[in-house]
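Peer 1: Using only what follows, build the 3D model:
(6 chains)
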6 protein chains.
Amino acid sequence: MSSLPISRFPVPRLEDLPEDIRQRVLEVQEKSGFVPNVFLALAHRPAEWRAFFAYHDALMEKEGGLTRAEREMIVVATSDANDCQYCVVAHGAILRIRAKNALVADQVAVNYRKADITPRQRAMLDFAMKVALRAGEIAEPDFEALRAHGFSEEDAWDIGAIAAFFALSNRMANLIDMRPNDEFYMLGRIPRSG
Amino acid sequence: MSSLPISRFPVPRLEDLPEDIRQRVLEVQEKSGFVPNVFLALAHRPAEWRAFFAYHDALMEKEGGLTRAEREMIVVATSDANDCQYCVVAHGAILRIRAKNALVADQVAVNYRKADITPRQRAMLDFAMKVALRAGEIAEPDFEALRAHGFSEEDAWDIGAIAAFFALSNRMANLIDMRPNDEFYMLGRIPRSG
Amino acid sequence: MSSLPISRFPVPRLEDLPEDIRQRVLEVQEKSGFVPNVFLALAHRPAEWRAFFAYHDALMEKEGGLTRAEREMIVVATSDANDCQYCVVAHGAILRIRAKNALVADQVAVNYRKADITPRQRAMLDFAMKVALRAGEIAEPDFEALRAHGFSEEDAWDIGAIAAFFALSNRMANLIDMRPNDEFYMLGRIPRSG
Amino acid sequence: MSSLPISRFPVPRLEDLPEDIRQRVLEVQEKSGFVPNVFLALAHRPAEWRAFFAYHDALMEKEGGLTRAEREMIVVATSDANDCQYCVVAHGAILRIRAKNALVADQVAVNYRKADITPRQRAMLDFAMKVALRAGEIAEPDFEALRAHGFSEEDAWDIGAIAAFFALSNRMANLIDMRPNDEFYMLGRIPRSG
Amino acid sequence: MSSLPISRFPVPRLEDLPEDIRQRVLEVQEKSGFVPNVFLALAHRPAEWRAFFAYHDALMEKEGGLTRAEREMIVVATSDANDCQYCVVAHGAILRIRAKNALVADQVAVNYRKADITPRQRAMLDFAMKVALRAGEIAEPDFEALRAHGFSEEDAWDIGAIAAFFALSNRMANLIDMRPNDEFYMLGRIPRSG
Amino acid sequence: MSSLPISRFPVPRLEDLPEDIRQRVLEVQEKSGFVPNVFLALAHRPAEWRAFFAYHDALMEKEGGLTRAEREMIVVATSDANDCQYCVVAHGAILRIRAKNALVADQVAVNYRKADITPRQRAMLDFAMKVALRAGEIAEPDFEALRAHGFSEEDAWDIGAIAAFFALSNRMANLIDMRPNDEFYMLGRIPRSG
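Peer 2: So this is what the prediction gives:
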């Protein structure tokens, strides 16, 4: 396991965390087997930590027209466009698990246009990338392109909001040199027998 | 007062808002004399609303090495770079009030390099703009440039985090066609006599 | 009134100006109540001054298919794209006055796609922005898009030529650090009672 | 001689030109042996024609710290960056003649960094290209770089103003599809015996 | 094993390949356990195939100041910048094997500035990325930056030439929709016990 | 004849070249009357030289749906976009000769959209430029646009592969400061009487 710093800023010890944050960290550790570094690195600022994960959960854990794998595709595609190592590696792992597909995360990261995804998912990523890179040009034809693939207006909000939230997340990770856990690199690459 | 839509998505009525959101809206109205449209437009998604304003307050209301006016400068400069009408107009108004300066907001919006600001503020905005536009390239020399003007590491987090949060905010406003209130355009342009 | 320099180059005194230039300056002062800094800052080079204002008047004072407010919209939108503080502030003021609209200038400056303008004006600004930013790609379909909104070929020249002239003007203003007069910031923001 | 159109707009016949314009055209023809198309194509708008050539002459015919060949280098380098066929071909010819150098125009057009020019000229073109492409970022260090090569402040104005004027000229030529005369392509390529 | 097409162009069968190409393919298969798709997809054009692999081997198999892992870093970093899925996935695998490091390929692909590499390797990738993206601006200071880390002029050629060769390779892969073999995704991720 | 260096790297003397390379150089000299510098500058690395010219010949000398002049147009247009002086000057000369047209090379170099070429050639160059500059976005509609002008799939490979090969060539020329021979500048500018 790497002992390299996970942030250029001080990282609080588990025992020094405020109780609500510590509880969440322990739950994640229980569930995943390790604590993703974002939970510790951002805890340097507890108030921002709380808002960050509340926002994250509101977008990534909610019900709606996008599958969980599709949400992660948006994260992976836009995070590579923003050169964010933490988000591509960590959410690439989650995408592999959610999609039960060992290949799609690397494909979407490098060039979603060439990935093993459906035309509907391709349209979803076209919209997400435009929000990520040129949001000021989003206009009616972009929503029409989504509708042509069966996405609702609420789905459009979800797609755009995930791209917008990771515009924030990518910048924070690059700002503080947030390091992805070594565990993420292998997760979801070997299909579990069942 | 304009009767044009303030969002391309449905906007809840004040009486239909969840109680905690309604309370905050009423407080803002009490204090400002009107309800900034962002409070209503984002309330279409209460969970996201709560996270958004918690994040906003954590960054914009906190103590630290940046004045309130300086925080608003970061918002205005990066929001113009992201073509975000709502944020430039609304936070331009707040900047005028906080800085007690009727000119600086328009200057910073168009080209902060030519604005009536201090060299220290200029360095702050150089850093913020790099986080907004090329965060993947942020490296040690950028932090050194801040230190040369007396900014601490915590200040660097503040500057970068504000730029990152408004990367999210700008994209949401462009996604949903959020319209700035007519009131913002004049706020802070005429010095109050004392 | 600000006493900050209005140019990084020497600025001639009114009494030292060549007679023709002095006359025009006095007329402008008579009409506007103040002398816009561009009239003084560019007078450092009288021959260029004469050509500049002759060109300006040929495009901005002529008859044709564009209203005066529409011409100013072109100036404001392209000047913000070129980060030109002087032109956005000064022509924003003129746009507010010509359009009798206190809001449209700030809207057009930040993102004309979200401004309170007609679809015809939106098409006009699409064309102008392409001339400002990627003129080498202007081709027949761009003229067709104008025709679809009733613009003539002569209107297309006007639109493109205004964008081209302010490509010059924006670069001169940034080159010499031309400062907008304080008066411009408030002009046209308060409707005159009648 | 090519019989292809020299503009997408109507081109006046020599005999229909206003007298002052006709005189200048005849003088140019007398001197050069042909009429450069810019003199006819822009004459569709006489008032703009007069301002254009007055501006051109004020910058290109004046005395100062730049040689005539150096002024043409600025035109050629910035016009290629703006994809302007007319200006690269026509001013490339003038540059060859002024510099008495058959090679330098093509070199400067494609990549001035690799051209047979002096370090001083290289610095001049660095400044000119920044004015052409990112004028809003011009700041004190750019002027210092010029001073280090012996350029005065007035020279800086000249360099920047030529880049600015051809920002206009390039956009007009692309707007109206202005065609360079066939004669330009060979001018200055064969040294005259003396 | 995936049965999806590996190219949008016809792919020759092994038995239909020219003898020299078939021999090389069999050798690669013997050594690697599978045939990387690039060997089959490019064989649609035997003459180009021969030149491509001769060039590849001349740069990637030669002796010199760069380790084999370092050469692969150049490929991975520049190929992600060019959105080339095949090269990032296939050469990412080779990089993991050559560097005996399961993490570095994904790090370098997304943002080499944040990867676990030495300052010398960082300087190498700065140079390679400039050749990949803005080769016309390469100048003496870029070579100096390499020398400061002990690279020779011949090393500079190697670095630049690898970036240049994969500028070709990335474009071919994107042109023909070349699909990386499924095997590459896992290669080098699990350390072999010894 | 210029005595300036033709490369920043050592250039072998003719008599020191490996025999196969020397033979080819002598043949070219016999045919052209001079040795294009690329044959000597790249011979610093014989293995790379052999692969380079094998690749070049496989693309530029083959039969197919593109004329020789059309292949050269692709080289000239993409090389100017890559700021490659050697390739624009040298292949501009070859284009003039192949097309028996003294003007088209300079036109295509600066802005192919305004050149004296057919709509089919314009479509060919649109495709080539996209491969040169944004190959990751090449998709089915780009191939359809070629088909609409009668290009086959094999023609598409040719167009894309030439753009890809000169992406390599342009980067090598800029890396090593390869200087075009003085002879190229005049070649093909004066029609041979016959």
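Peer 1: Now the helix or strand containing residue A:124: buried residues?
Peer 2: Residue A:124 belongs to helix A:119-134 when assigned by DSSP states H and E. Of all the residues in helix A:119-134, those buried under the rule 16 or more other CB atoms under 10 Å in any protein chain shown are A:121, A:123, A:124, A:125, A:126, A:127, A:128, A:129, A:130, A:131, A:132. For glycine as for every other residue, the C-beta is placed from the backbone atoms N, C-alpha and C.
Peer 1: Also stretch A:176-194?
Peer 2: A:176, A:177, A:178, A:179, A:180, A:181, A:183, A:184, A:185, A:187, A:188, A:189.
Peer 1: Contacts (any at all) between chain B and it?
Peer 2: Yes - counting by CB under 8 Å from any CB of the partner chain, chain B is contacted by stretch A:176-194 at residue A:176.
Peer 1: With just CA atoms, put that stretch into CSV.
Peer 2: Provided in CSV are the C-alpha atoms of stretch A:176-194 (Å, rounded to 0.1, in the frame of the first residue of the first chain):
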residue,chain,number,x,y,z
ILE,A,176,-5.0,19.8,-3.6
ASP,A,177,-3.2,17.0,-5.5
MET,A,178,-5.6,14.4,-4.3
ARG,A,179,-4.2,10.9,-4.8
PRO,A,180,-6.4,8.0,-5.7
ASN,A,181,-6.1,4.9,-3.5
ASP,A,182,-4.1,2.1,-5.0
GLU,A,183,-7.1,-0.2,-4.5
PHE,A,184,-9.1,1.6,-7.1
TYR,A,185,-6.9,0.6,-10.0
MET,A,186,-7.8,-3.1,-9.9
LEU,A,187,-11.4,-2.9,-8.7
GLY,A,188,-13.9,-4.4,-11.1
ARG,A,189,-11.3,-5.7,-13.5
ILE,A,190,-11.8,-9.4,-12.7
PRO,A,191,-15.3,-10.7,-12.9
ARG,A,192,-16.5,-12.3,-9.7
SER,A,193,-17.5,-15.9,-10.1
GLY,A,194,-21.0,-16.5,-8.9
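Peer 1: So is it next to chain E?
Peer 2: Yes - Stretch A:176-194 reaches chain E (CB under 8 Å from any CB) through A:177, A:179, A:182, A:185, A:186, A:189, A:190.
Peer 1: So what touches that stretch?
Peer 2: Contacts with stretch A:176-194, where a contact means CB atoms under 8 Å, 6 or more residues apart in numbering or on different chains, come from A:1-2, A:4-9, A:33-38, A:41, A:85-86, A:89-90, A:92-97, A:100, A:102, A:105, A:172, B:157, B:160, E:102-103, E:106, E:114, E:185-186, E:189-190.
Peer 1: Distance of residue A:75 relative to chain D?
Peer 2: 32 Å (CB to the nearest CB, to the nearest Å).
Peer 1: which SS state does that residue fall under?
Peer 2: Under DSSP: H, G, I helix; E, B strand; the rest coil, the three-state class of residue A:75 is helix.
Peer 1: what's the closest non-adjacent residue to it?
Peer 2: Leaving aside its chain neighbours, residue A:75 sits nearest to residue A:91 (4.2 Å; criterion: CB to CB, 6 or more residues apart in numbering or on different chains).
Peer 1: Can you tell me the SS state at the one you found?
Peer 2: Using three-state DSSP, the structure places residue A:91 in helix.
Peer 1: what does chain A put close to chain C?
Peer 2: Residues of chain A lying close to chain C (CB under 8 Å from any CB) are A:136, A:137, A:139.
Peer 1: neighbours around the last one, how many?
Peer 2: Around residue A:139 there are 14 other residues, counting by other CB atoms under 10 Å in any protein chain shown.
Peer 1: Repeat that for the first one.
Peer 2: The tally of other residues near residue A:136 (other CB under 10 Å) stands at 20.
Peer 1: Check the gap between it and residue F:46 for me.
Peer 2: As judged by CB to CB, to the nearest Å, residue A:136 and residue F:46 stand 53 Å apart.
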